[in-house]
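A.B. asks: return atomic coordinates for the entry below.
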Amino acid sequence: MRGKDNTRSAAEVLVDQLRIHGVRHAFCVPGESYLAVLDAFHDSDVAVTVCRQEGGAAMMAEAVGKATGRPGVCFVTRGPGATNASPGIHIARQDSTPMVVFVGQVARDMREREAFQELDYRAVFGSMTKWATEIDDPARIPEIVSRAFFTAANGRPGPVVVSLPEDMLTERVAVNDAPPFAPIETSPGAAEMTKLAQMLGSARSPILILGGSRWSQDTSDGIARFAQKHALPVCTTFRRLHLFDALHPCYAGDLGIGPNPKLVERIKSADLVVLIGGRMGELPSQSYTLFDIPRPQMTFVHVHPGAEELGRVYSPHLAIHAAPTAFAAALEHVDLPSAMRGQAEAAHADYLAWTDKPTDQPGAVNLGAILVWLRDNLPADAIICNGAGNYAAWIHRFFRFRRFAQQIAPTSGSMGYGVPAAVAMKRLHPDRPVVCVAGDGDFLMNGQEFATAVQYGLPIIVVIADNGIYGTIRMHQEREYPGRVIATDLRNPDFAAYARAFGGFGVSVERTADFPAAFKEAQDSGKPAIIRLAIDPEAITPATTLAKIRAKSLADKNR
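C.D. replies: From the prediction side, this is the model:
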């Protein structure tokens with residue numbers, strides 16, 4: 001509130017900047033180090049979601065950044081609060097997601113004495129963020145917050161950490177607000193687009209690979225129109241399936257963990273690969289084996305909004321410094337020198353065959369069959385959130401994502417992400433169905449945020465694949481050290497009772513055929529819900545079992 005002398009507290013200036021920059025949701029765990037900011041939020045129209053752990057708050061903010069393309073915002077307290085938030089910050093870094101994290105700090109006159117919960121945030125987060133800074137002068141809040149938003153959202157997006165000394169926040173200052181930030185859509189040059197047209201026109205077996213951030217529904221639609229016009233196969237990178245409609249006649253599948261072998265062979269045999277938006281990290285590159293380093297064996301075009309990523313790992317034959325949004329718009333005006341036709345029809349047929357029917361698996365509950373049921377019965381605007389673990393392989397293979405931001409999941413492979421992401425998406429889209437699919441170990445890393453869903457009346461549905469093990473690690477364990485099981489067994493709670501204890505709905509499913517009725521019960525309850533699936537631990541991937549992995553490994557070691 002402005003005083004008669006036209007001053008505001010620094011905390012009020014800060015919250016006013018958030019509103020100016022378009023922030024409508026902020027996620028937090030309260031702390032005494034930024035009480036003044038909490039008080040400033042009291043009279044603001046920014047919706048504040050109080051979370052149960054800072055990791056959950058940071059992941060919610062990251063999910064908002066991932067879904068909207070604008071920086072998600074969270075507030076955490078100093079020391080352990082900040083370090084608890086680090087998983088969400090790391091996700092934002094590896095996933096190229098815009099996010100701004102505000103961290104309480106000790107008073108300025110106490111710094112460098114290792115005061116209570118003191119940390120040097122520039123040092124702690126310097127390698128994990130695009131920028132880490134501290135505001136000493138309240139008059140510079142508009143300037144520094146504006147820079148934080150521009151930095152987080154532009155080029156290759158990522159996280160920014162801003163430290164707030166608690167005594168600074170209570171000072172009063174007369175200062176002008178900064179104007180709203182705006183994303184800068186770096187556009188491709190005419191010469192580069194002409195060269196790309198020539199490359200496409202002379203290619204016999206080209207393929208487009210979509211990844212990264214800075215996409216929108218219009219961007220995806222623009223790529224789809226161009227691909228369909230020239231019958232170009234299109235695939236997506238790890239956990240970026242939402243960038244292209246799975247039922248579009250050009251879709252060839254996702255290039256992540258356990259991809260369709262036919263897709264991998266198609267890329268290896270391509271004479272032109274156009275990577276749009278992504279970095280082609282370890283997982284989509286199949287552990288850096290798909291393309292030669294530094295120069296890929298086929299003609300390679302890399303389109304990326306961050307100039308520093310072009311040539312960082314792969315030396316492209318053509319580098320195009322552009323955001324996917326601007327590149328897709330420019331692509332609409334590209335006329336190929338010949339009426340080239342790609343191999344989209346065959347590629348899409350391979351994808352449909354790979355994902356059509358659930359594979360057989362041990363146990364009475366078939367996770368693949370449940371994902372097929374969900375894809376056939378959820379409305380087109382449903383949002384699917386997940387964290388990390390082998391259970392996600394069934395999502396990637398059998399759920400067909402149809403629109404942008406329908407999948408909210410970490411490319412960084414961070415466990416515990418699904419529940420916070422589902423809470424954030426339901427806060428953003430209260431009228432859209434939001435389903436979190438989680439593993440048992442995955443869920444319990446941030447399952448406390450189910451309480452946040454109950455507190456705010458957010459009827460998310462959490463489907464837990466409960467197999468009583470850390471499945472991914474057990475799989476690797478059996479492959480590398482067959483039969484020598486240690487530290488991967490879990491003793492889990494009654495997940496249905498867990499849901500009810502928080503005030504939600506809970507049910508356990510012991511047979512595949514019982515899932516549809518259980519899902520309807522969860523929907524009809526109008527409450528946040530948990531559906532626990534009794535998964536046989538032998539069902540470790542859609543394609544194999546633990547016993548088969550162990551037997552193969554033993555046979556190999558005995559040769």
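A.B. asks: and the residue lying closest to Asp466 once chain neighbours are set aside, what does it touch?
C.D. replies: Closest residue to Asp466 apart from its sequence neighbours, by CB to CB, 6 or more residues apart in numbering: Asp440 at 4.4 Å. Backbone N, C-alpha and C define where each C-beta goes, glycine included. Residues in contact with Asp440 (CB atoms under 8 Å, 6 or more residues apart in numbering) are 464-468, 490, 492, 495.
A.B. asks: apply 6 Å and report the result again.
C.D. replies: 464, 466, 492 (CB atoms under 6 Å, 6 or more residues apart in numbering).
A.B. asks: ok, now Val15?
C.D. replies: Val15 touches 40-41, 44, counting by CB under 6 Å, 6+ apart.
A.B. asks: same question for Gly416.
C.D. replies: 387, 445-446 are the contacts of Gly416 under CB under 6 Å, 6+ apart.
A.B. asks: could those be laid out in JSON lines, adding pLDDT, neighbour count and distance to His321?
C.D. replies: JSON lines is the format used below for the contacts of Gly416 (pLDDT from 0 to 100; neighbours: other CB atoms under 10 Å; distance: CB to CB, whole Å):
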{"residue": "Gly387", "pLDDT": "97", "neighbour count": "28", "distance to His321": "33"}
{"residue": "Met445", "pLDDT": "97", "neighbour count": "22", "distance to His321": "38"}
{"residue": "Asn446", "pLDDT": "97", "neighbour count": "29", "distance to His321": "37"}
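A.B. asks: which one of those is nearest Thr77?
C.D. replies: Asn446 (18.1 Å; CB to CB).
A.B. asks: my guess is Arg52 meets Phe450, correct?
C.D. replies: No - counting by CB atoms under 6 Å, Phe450 is not a contact partner of Arg52; they are 8.8 Å apart.
A.B. asks: which one of these two has more residues nearby?
C.D. replies: Legend: neighbour count by other CB atoms under 10 Å for Arg52 and Phe450, higher for Phe450 (30 against 17).
A.B. asks: how much space separates the more buried one from Gly457?
C.D. replies: 13 Å (CB to CB, to the nearest Å).
A.B. asks: find residues that contact each of these two.
C.D. replies: Joint contacts of Phe450 and Gly457 (CB under 6 Å, 6+ apart) do not exist.
A.B. asks: keep only those of the contacts of Gly416 that are in strands.
C.D. replies: Per DSSP state E, strands hold no members of those.
A.B. asks: tell me the one among those nearest to Gly88.
C.D. replies: Asn446 (9.9 Å).
A.B. asks: ok, which stretches of the stretch 401-550 of the chain are strands?
C.D. replies: Taking DSSP state E, counting those that start in this stretch as the test, the strands found in the stretch 401-550 of the chain are 407-408, 434-439, 461-466, 505-509, 529-534.
A.B. asks: winner for burial among the ones you listed?
C.D. replies: strand 434-439 (a mean of 28; mean count of other CB atoms under 10 Å).
A.B. asks: so how far is that strand from its chain's centroid?
C.D. replies: Counting by CA atoms, centre = their mean, to the nearest Å, strand 434-439 is centred 14 Å from the centre of its parent chain.
A.B. asks: what's the answer for stretch 230-240, then?
C.D. replies: That offset, for stretch 230-240, works out to 18 Å (CA atoms, centre = their mean).
A.B. asks: now stretch 11-28
C.D. replies: For stretch 11-28, the distance to the chain centre is 23 Å (CA atoms, centre = their mean).
A.B. asks: average pLDDT for that stretch?
C.D. replies: The pLDDT scores in stretch 11-28 average 98.
A.B. asks: Pro284: which of the strands of the stretch 401-550 of the chain is closest?
C.D. replies: strand 407-408 (15.0 Å).
A.B. asks: list the neighbouring strands of the closest one plus their orientation.
C.D. replies: strand 383-386 (parallel) (DSSP bridges).
A.B. asks: quick revisit: identify the contacts common to Arg52 and Phe450.
C.D. replies: Shared contacts of Arg52 and Phe450 (CB under 6 Å, 6+ apart): none.
A.B. asks: who does the strand or helix carrying Cys74 touch, helix- and strand-wise?
C.D. replies: Per DSSP states H and E: Cys74 is located in strand 72-76. In terms of contacts (3 or more CB pairs under 6 Å, 6 or more residues apart in numbering; DSSP states H and E), strand 72-76 is packed against strand 25-28, helix 54-68, strand 99-105.
A.B. asks: could you measure Val64 against Gly55, distance?
C.D. replies: According to CB to CB, Val64 and Gly55 sit 15 Å apart.
A.B. asks: packing partners for the helix or strand where Thr151 lies?
C.D. replies: Assessed by DSSP H and E, Thr151 sits inside helix 141-153. In terms of contacts (3+ CB pairs under 6 Å, 6+ apart), helix 141-153 is packed against helix 10-20, strand 159-165.
A.B. asks: okay, the ones you listed, which one's buried deepest?
C.D. replies: strand 159-165 (a mean of 26).
A.B. asks: list the contacts of the helix or strand encompassing Thr236.
C.D. replies: In the assignment (DSSP H and E), Thr236 maps to strand 234-237. In this structure, residues lying in contact with strand 234-237 by CB under 6 Å, 6+ apart are 208-211, 227, 243-244, 250-255, 278, 284.
A.B. asks: and stretch 191-204, by the same measure?
C.D. replies: Under CB under 6 Å, 6+ apart, the answer for stretch 191-204 is 206, 271-272, 318, 320, 330, 334, 336-338, 340.
A.B. asks: so among the residues you listed, which ones count as buried?
C.D. replies: Applying 16 or more other CB atoms under 10 Å to those, the neighbour count classes 206, 272, 318, 320, 330, 336, 340 as buried.
A.B. asks: any chance of those in TSV, with secondary structure, distance to Ala424 and pLDDT too?
C.D. replies: Converted to TSV, the buried ones among the contacts of stretch 191-204 look like this (DSSP: H, G, I helix; E, B strand; the rest coil; distance: CB to CB, whole Å; pLDDT from 0 to 100):
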residue	secondary structure	distance to Ala424	pLDDT
Pro206	strand	37	97
Leu272	strand	38	98
Leu318	strand	37	98
Ile320	strand	32	98
Ala330	helix	32	96
Leu336	coil	41	85
Met340	coil	42	75
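A.B. asks: which of those sits closest to Ile223?
C.D. replies: Ala330 (11.4 Å).
A.B. asks: check contacts around that closest one.
C.D. replies: For Ala330, counting by CB under 6 Å, 6+ apart, the contacting residues are 188, 193.
A.B. asks: no further questions, thank you.
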